[in-house]
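Prediction below, plus the sequence it came from.
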Amino acid sequence: MALVIAIDGPAASGKGTLAKRLAAHYGLPHLDTGLLYRAVARAVLADGHAVNDRAAAIAAAGRLGPIDDRDEALRSAAMGEAASVVAAVPEVRAALLQLQREFAGRPSGAVLDGRDIGTVICPRADVKLFVTASAEARADRRYREARGRGESVTYERLLDEIRARDSRDAGRAVAPLLAAADARVIDTSQMGIDEVFRVAVTIVDTFGPAMARA
Ligand SMILES: Nc1ncnc2c1ncn2[C@@H]1O[C@H](COP(=O)(O)OP(=O)(O)O)[C@@H](O)[C@H]1O
Ligand SMILES: Nc1ccn([C@@H]2O[C@H](COP(=O)(O)OP(=O)(O)O)[C@@H](O)[C@H]2O)c(=O)n1
């Protein structure tokens, strides 16, 4: 029986980390849907358009090819920011919908993480998790990550960026960042990666279909 796990949450809440661990634990494929919006933003910029050029974003979304999830350039902070601009265009979201639904509809089931998985992409997911944390905790995580890569950034700047992205993602008219009414919220501000994983597995095993308990 297929098991579909939907994970949503704000930037740097730890949803990608959790999604990967759950996918490995339950033997499911994982789709990081943020990469789709990042790839659209990159294509717009690579073609020499401004990131807020709606027509260019719609065209780029319509011809999106396969994405290499090891592509580090897609994961930069600047591309995350640019992704949140193209993601506010309804036609861009519409162009990416079917691909995400097809991934979720695989016979095995799947784990998807993003902003609108439980609300729009997989409203009937077996388990919906909304992973969140304070803006300060998330900025601190990004700070450690950037320092680990040898980048010179300040915590204050990252905190500003996180807040700006939160308000753009939560404030847009189409598919705003929002916990589905039936999502289980995990506030990870005071929790380590292993603890978040254990809590999530307990939720999936308790509320997911029989396969998760097998
Ligand atoms: N519970 C946690 N406690 C501390 N650091 C975490 C936790 N979860 C994730 N991280 C770290 O925070 C950063 C952002 O996590 P990530 O999974 O990429 O977030 P998201 O996918 O929500 O943007 C990564 O460096 C990750 O290792
Ligand atoms: N399902 C999704 C996933 C991402 N996005 C957008 O894409 C941006 C980048 O998403 P991401 O998940 O890669 O970003 P991080 O949370 O990893 O920083 C977000 O800020 C959203 O605006 C979205 O609108 N819907």
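Arrived safely, thanks for sending. Numbering: from 1, shown residues only. Ligands and ions are numbered 1, 2, ... in the order given.

Run the chain-centre distance for stretch 99-118.
Centroid separation between stretch 99-118 and its chain, computed with C-alpha atoms, centre = their mean, to the nearest Å, is 11 Å.

Start the count at 34 instead of 1 going forward.
Will do, 34 is the new start, and the previous item becomes stretch 132-151.

anything in it near ligand 2?
Yes: legend: contact between stretch 132-151 and ligand 2 by C-beta under 6 Å from any ligand atom is shown at Gly147, Arg148, Asp149. All C-beta spots, glycine's among them, are computed from the backbone N, C-alpha and C.

Spatially nearest residue to the residue nearest to the spatial centre of the chain (excluding sequence neighbours)?
Nearest residue to the geometric centre of the chain (C-alpha atoms, centre = their mean): Gly147, 2.5 Å. Spatial nearest neighbour of Gly147, chain neighbours left out: Thr66 (3.6 Å); criterion: C-beta to C-beta, 6 or more residues apart in numbering.

Specify the helix with the largest residue count in the protein.
Looking across the chain with DSSP state H, the single longest helix is helix 188-204.

Return the list of helices and strands in contact with that one.
The helices and strands touching helix 188-204, judged by 3 or more C-beta pairs under 8 Å, 6 or more residues apart in numbering; DSSP states H and E, are helix 110-119, helix 168-181.

Next, format those as a markdown table and append distance to ligand 2.
Shown next, in a markdown table, are the helices and strands packed on helix 188-204 (distance: least, C-beta to the nearest ligand atom, whole Å):
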| stretch | distance to ligand 2 |
| --- | --- |
| helix 110-119 | 3 |
| helix 168-181 | 8 |
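
Tell me where this structure has helices.
Ranges of helices in the chain, per DSSP H, are 48-59, 67-79, 87-95, 110-119, 123-137, 168-181, 188-204, 226-240, 243-246.

State the distance from Val84 to Arg217.
34 Å (C-beta to C-beta, to the nearest Å).
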